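Asker: predicted coordinates and the sequence they were generated for:
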Amino acid sequence: MRLGDSLAEAGFRFLKSGPKSRRVGPIFSHNICFQTSYSNVRGRYVALWIQINVRSQQLLASRRAHPLPGPAVDDFVAGVNLGQLMSDGGWLEFNLAQDPERVLSQAIECIEQWVLPYFERFNDPQHLVAEILAGSATSLEPQAALECCLCFGTEQQATVCLSELLGQDPVHVQRYREYRRRYESEGMPEGRARRYSDQLARIALAYGLDPEGVAGG
């Protein structure tokens with residue numbers, strides 16, 4: 001596959017199952033997934049969607065060591081559509097029907113310009129934690145951001161992260177306090193957390209994290 005071949009020099013291996021290109025590092029794996037639509041019309045519309053995600057076996061081990069009720073844990077760190085990395089931040093798809101070679105060249109240029117620099121942010125875990133605390137790791141869900149600070153950073157950094165996540169909205173702070181107190185006395189319920197503050201309370205309790213001035217109310 002031309003897309004896969006173009007990434008070989010950057011250390012990626014093309015996998016037909018997916019299909020995707022993957023680069024495995026000591027802490028993080030970088031994945032570029034190539035998808036299409038069930039609504040393709042030959043000669044008129046053949047979609048190419050490029051999805052990017054970052055995974056970590058070390059984060060998976062940390063999650064397993066601090067289990068939460070709900071679905072099975074995985075190694076997912078962050079993921080976006082290619083278009084979300086670009087300046088307009090929208091969904092991006094390519095149409096391969098009319099001039100596939102030209103369109104593939106455009107896709108390769110976009111990967112080189114936007115995706116490879118994005119992956120550089122996920123090479124050094126300490127740099128990632130610093131970006132989370134600076135508020136610039138916007139592609140991470142809040143729960144994943146907190147888990148990354150707990151896994152790759154210090155307890156103090158994780159405390160700062162949790163305080164920042166909760167401090168942005170007083171409603172979240174109040175709900176966090178309520179969930180935390182309930183779970184400390186009754187235990188965490190089975191099933192997936194439905195609210196942002198609920199998920200943060202579960203993670204904080206599982207890791208024994210409790211920022212000053214947040215849980216005490």
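Answerer: Sure thing, it's come through. Residues are numbered from 1 along each chain as shown.

Asker: buried set for the worst-scoring helix or strand of the chain on mean pLDDT?
Answerer: Every helix and strand of the chain was ranked by mean pLDDT, DSSP states H and E. The lowest is helix 2-6, at a mean of 87. Neighbour-count burial for helix 2-6 flags Leu3, Gly4, Ser6 (criterion: 16 or more other C-beta atoms under 10 Å). In this view, the C-beta of every residue, glycine as well, is placed from N, C-alpha and C.

Asker: model confidence over the lengthiest strand in the chain, on average?
Answerer: Longest strand in the chain, counting residues (DSSP state E): strand 47-55. For strand 47-55, mean pLDDT is 96.

Asker: got a list of contacts for that strand?
Answerer: Residues from elsewhere that reach strand 47-55 (C-beta atoms under 8 Å, 6 or more residues apart in numbering): 28-37, 39-40, 74-82, 85, 92-96, 103, 107, 110-111, 115, 118-119, 122.

Asker: tell me which element Ser17 is part of?
Answerer: Ser17 is part of no helix or strand, with elements assigned from DSSP states H and E.

Asker: beta partners of the residue nearest the centre of the chain?
Answerer: Centroid-nearest residue in the chain: Ala78, 1.2 Å away (criterion: C-alpha atoms, centre = their mean). Counting by DSSP bridges, Ala78 is bridged to Val54.

Asker: correct me if wrong: it contacts Pro142.
Answerer: No. In this structure, Ala78 is not within contact of Pro142 by C-beta atoms under 8 Å, at 11.6 Å.

Asker: residue contacts, the residue of the chain positioned farthest from its centre?
Answerer: In the chain, Gly43 marks the outermost C-alpha relative to the chain mean, sitting 35.2 Å out by C-alpha atoms, centre = their mean. Residues in contact with Gly43, defined by C-beta under 8 Å, 6+ apart, are Ala97.

Asker: ok, back up a step: closest to Lys20 among the buried residues of helix 2-6?
Answerer: Gly4 (8.5 Å; C-beta to C-beta).

Asker: thinking again about what came up before, for the least confident helix or strand of the chain, packing partners?
Answerer: Packed against helix 2-6 by the contact rule (3 or more C-beta pairs under 8 Å, 6 or more residues apart in numbering; DSSP states H and E) you find strand 13-15, helix 100-110.

Asker: redo that, cut-off 6 Å
Answerer: Here helix 2-6 touches no other helix or strand, going by 3 or more C-beta pairs under 6 Å, 6 or more residues apart in numbering; DSSP states H and E.

Asker: which among the contacts of strand 47-55 count as buried?
Answerer: By 16+ other C-beta under 10 Å, those give 28-34, 75, 77-82, 85, 92-94, 96, 103, 107, 110-111, 115, 118-119, 122 as buried.

Asker: just the element for His172, please.
Answerer: Per DSSP H and E: helix 170-186 holds His172.

Asker: and Glu186, how far is that from Arg180?
Answerer: Applying C-beta to C-beta, to the nearest Å, the value for Glu186 to Arg180 is 11 Å.

Asker: thanks a lot, catch you later.
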